[in-house]
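**Student:** Sequence and computational prediction follow.
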Amino acid sequence: MTAPGRHTDAELAALIAEGAGQVLLGVAHGELLEPRRRGDVGDALAQAWIAQVLQMHRPQDPVLSEEADDDLRRLRSDRVWIIDPLDGTSEFARGTTHWAVHVALAVDGLPTASAVALPAQGQLFRSDEVPVADGPLTGRMAVSRYGHSYPSAAVADRLGLGAVHIGSAGAKAMAVVRGDVDAYVHAGGQYEWDNCAPVGVAQAAGLFCARLNGEQIVYNNPQPYMPDFVICRQEIADDLLRALRTPW
Ligand SMILES: Nc1ncnc2c1ncn2[C@@H]1O[C@H](COP(=O)(O)O)[C@@H](OP(=O)(O)O)[C@H]1O
Ligand SMILES: [Mg+2]
């Protein structure tokens, strides 16, 4: 075993996202489980593995996870791991490549060390190594499989952005990081584990990240509900926030 404490927080986040991705690829292997069970087993096994690793390597740090009871010690801790062991569970269950593992360490409410794995796409994004997203603009934005929300439709209309339908919050955010699309606008509900690590990686890539009213995104709130946010290229951030402010 690697000695606890040997890894930096960013290395640990990356290793955990990558390792949980391996667990999940194992769960999906050979399509031996029917879809619903594959999703449930994926959620449970990825959660169990991540919880064991964090307990071993960062025993003092509380964890906020989609798949665990809320440990309220987190509200008295400046360091909290915010994880989604399987983002895009329904996509994973259906056998698409649009699912992710999210691992972030938030310090005083801000993601510091973050990693997002897209295991079925063979990709790992980590905040300490991600390149700056500064390629040519594409004129496209990432949209949920289920279509536009009112705010994302307003942005698409006002900025003339075409929709690219992608499942999983992490996969949509990493599409902006990769430069496949210029923006990801979410409204209508999500939780901190759905967007903390994606926002941490996106900020490290120099992207603009904010609530839809333009305010800073702050994590580790008593209610871990984070219903809206935008991740976009800096070049279009002012126009995008203006589009959101203007009645449609
Ligand atoms: N209105 C809403 N309320 C709560 N969670 C939402 C939501 N819309 C999307 N999400 C969550 O955000 C993630 C990405 O969704 P989508 O692919 O539709 O954009 C999913 O996480 P999980 O798969 O971890 O549950 C989904 O449950
Ligand atoms: Mg999620």
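**Tutor:** Ah, there it is. No experiment lies behind these values; they were computed from the predicted model shown. Ligands and ions are numbered 1, 2, ... in the order given.

**Student:** Quick check: Gln60 vs Trp49, distance?
**Tutor:** According to Cβ to Cβ, to the nearest Å, Gln60 stands 20 Å off from Trp49. C-beta: built from backbone N, CA, C; applies to glycine.

**Student:** Those two: who's more crowded?
**Tutor:** The neighbour comparison of Gln60 against Trp49 (other Cβ atoms under 10 Å) goes to Trp49, with 17 against 7.

**Student:** element containing that one, please.
**Tutor:** Secondary structure assignment for Trp49, by DSSP states H and E: helix 35-57.

**Student:** Residues in contact with that helix: which ones?
**Tutor:** Under the criterion Cβ atoms under 8 Å, 6 or more residues apart in numbering, residues 1, 4-5, 7, 12, 15-16, 19-20, 23-24, 27-28, 31, 33, 61, 63, 65-68, 81, 83, 85-86, 89-90, 92-95, 101, 103 lie in contact with helix 35-57.

**Student:** which among those residues end up buried?
**Tutor:** Buried members of these, counted by 16 or more other Cβ atoms under 10 Å: 7, 12, 15-16, 19-20, 23-24, 27-28, 33, 61, 63, 65-67, 81, 83, 85-86, 89, 92-93, 101, 103.

**Student:** Mark which of those residues are part of strands, please.
**Tutor:** Among the buried ones among the contacts of helix 35-57, the residues falling in strands (DSSP state E) are 63, 65, 81, 83, 85-86, 101, 103.

**Student:** Check whether Gly88 really touches Ala100, as I assumed.
**Tutor:** Yes. With contact defined as Cβ atoms under 8 Å, Gly88 counts as touching Ala100 (6.0 Å).

**Student:** any common contacting residues for these two?
**Tutor:** Common neighbours of Gly88 and Ala100, using Cβ under 8 Å, 6+ apart, are 168-171.

**Student:** Count the residues that sit near the spatially closest residue to Pro4 that is not a sequence neighbour.
**Tutor:** Leaving aside its chain neighbours, Pro4 sits nearest to His57 (4.7 Å; criterion: Cβ to Cβ, 6 or more residues apart in numbering). Residues near His57, counting by other Cβ under 10 Å, number 19.

**Student:** quick one: which of Gly88 and Ala100 has more around it?
**Tutor:** Ala100 (34 against 27).

**Student:** Kindly state the beta-bridge partners for that one.
**Tutor:** Asp87 (DSSP bridges).

**Student:** again with Ile82
**Tutor:** Leu64, Ala104.

**Student:** Help me confirm that it comes into contact with Trp193.
**Tutor:** Yes. If you go by Cβ under 8 Å, Ile82 and Trp193 touch, sitting 5.6 Å apart.

**Student:** tell me the domain ranges of the chain?
**Tutor:** 9-126, 140-245 (automatic domain parsing).

**Student:** Among the ones you listed, which comes closest to ligand 1?
**Tutor:** domain 140-245 (2.7 Å; Cβ to the nearest ligand atom).
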